[in-house]
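Trainee: build me a model:
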Amino acid sequence: MSYICRMTRTPTRRLADVAKKVGVSEATVSRVLNGKAGVSASTREAVLTALDVLGYERPTQLRGERARLIGLVLPELQNPIFPALAEVVGGALAQRGFTPVLCTRTAGGLSEADYVGMLLDQHVSGVVFAGGHFAEQAAPHDHYRLLRSRGIPVVLFNAAIDNLDFPCVATDDVTAAGQAFTHLASLGHQRIGLVVGPQDHMPSRRKLAAFTELAARAGGAAPSGEAARAPVEHALFSLEGGQAATTRLLRHGITGVICGSDVLALGAVRAVRRAGLSVPGDVSVVGYDDSAFMNCTDPPLTTVRQPIESMGKAAVALLVNQIENVAVYPEELLFEPELVVRGSTGRPAAELA
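Mentor: Residues are numbered from 1 along each chain as shown. Sure thing, here's the model as predicted:
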């Protein structure tokens, strides 16, 4: 996001840079910056947007207007699902004449609140958050309330905590967990484990609730009251987190594991192999997302697909409607996931014997 930071170049250089970016003369840029007539509305808008993208401060008389910039705040880019989302959302925004500004949180780097402050300084028209603090009960949420108080349009991508009052698009986590569990159960698996994110993570909570109910229906309640057939582990969303959590699950003798992301599932596959076992011969693994290249892993990963394209376009539509003052209710739009069966799941060894 460095390109939206303020720059200290000469006025002449600023005119030349903006003129080149927009494809107009420096005189036209000068007329826009000085508020003079003789410039079409579309050209004026393009000049102001170029000014923002190149990192130049707007003239004082123009700072009160919102730029056609949209912040897209993501937790990371290592998980392939987030670049895929950025591509869909960025493309849909560009088609509507907006410029996406990618803001990626990194360890020890800028926080969501930092990015929100910078975006507000740039007079953004709206913000899309994906995989952010809005989904974490224990995380800070004041920056969301700040956006709300400023009247900035916002859309959240996937399950959020209560009382943020923003529209949200989300995959149905309950259905996703049900699809994965039912698939493994239909193959004959009776000891199925679950690896999901932190305990305060809302999508993980929904998957856990659905999983626990399904396991109980399957008759897995032990006399002590613990779900003997439903061991659960919480982990950070990383390959290493999935590996450590699955290593712990293997001590329960599981033959199948459902993971809250494809990255966690790849960690699960590694854990199974490090234990001297095979996938799916000894342990079947199901992921979640169907992110890029999951059909190229060894074995190809069975996973629950999020409809990223449909969700991304819906998020942009909700955001633009707010920008254009169309009534948008702070409700959640749930999208249906799809189980994609590949080579990482099969019948348990006992069934094959």
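Trainee: C-alpha from now on. contacts and neighbour counts both.
Mentor: Will do.
Trainee: where along the chain do the strands fall?
Mentor: Ranges of strands in the chain, per DSSP state E, are 69-74, 99-104, 126-130, 154-157, 168-171, 192-196, 232-234, 256-259, 284-289, 302-305, 332-335, 338-340.
Trainee: winner for burial among these?
Mentor: Highest mean neighbour count of those: strand 256-259, a mean of 30 (counted as mean count of other C-alpha atoms under 10 Å).
Trainee: what's the spacing between it and its chain's center?
Mentor: Put simply, strand 256-259 sits 21 Å off its chain's centre (C-alpha atoms, centre = their mean, to the nearest Å).
Trainee: then stretch 206-213?
Mentor: Relative to the centre of its chain, stretch 206-213 is centred 21 Å away, using C-alpha atoms, centre = their mean.
Trainee: residue 164 and residue 141: what is the separation?
Mentor: When distance is defined by C-alpha to C-alpha, to the nearest Å, residue 164 is 9 Å away from residue 141.
Trainee: what do these two both touch?
Mentor: Listed as contacting both residue 164 and residue 141 by C-alpha atoms under 8 Å, 6 or more residues apart in numbering are residue 134.
Trainee: which of these two has more neighbours?
Mentor: Higher neighbour count among residue 164 and residue 141: residue 141, with 18 against 15, using other C-alpha atoms under 10 Å.
Trainee: how far away is that one from residue 116?
Mentor: Taking C-alpha to C-alpha as the measure, residue 141 falls 11 Å from residue 116.
Trainee: do residue 276 as well
Mentor: Going from residue 276 to residue 116 by C-alpha to C-alpha gives 47 Å.
Trainee: one more: residue 325?
Mentor: According to C-alpha to C-alpha, residue 325 stands 22 Å off from residue 116.
Trainee: and residue 135, by the same measure?
Mentor: Counting by C-alpha to C-alpha, the separation of residue 135 from residue 116 is 17 Å.
Trainee: now the residue nearest the centre of the chain: closest residue in space that isn't a chain neighbour?
Mentor: Centroid-nearest residue in the chain, with C-alpha atoms, centre = their mean: residue 130, separated by 3.5 Å. Distances taken as C-alpha to C-alpha, 6 or more residues apart in numbering put residue 157 closest to residue 130, at 4.6 Å, once the chain neighbours are dropped.
Trainee: does that neighbour touch residue 170 like I think?
Mentor: Yes - here residue 157 reaches residue 170: they are 5.9 Å apart, a contact under C-alpha atoms under 8 Å.
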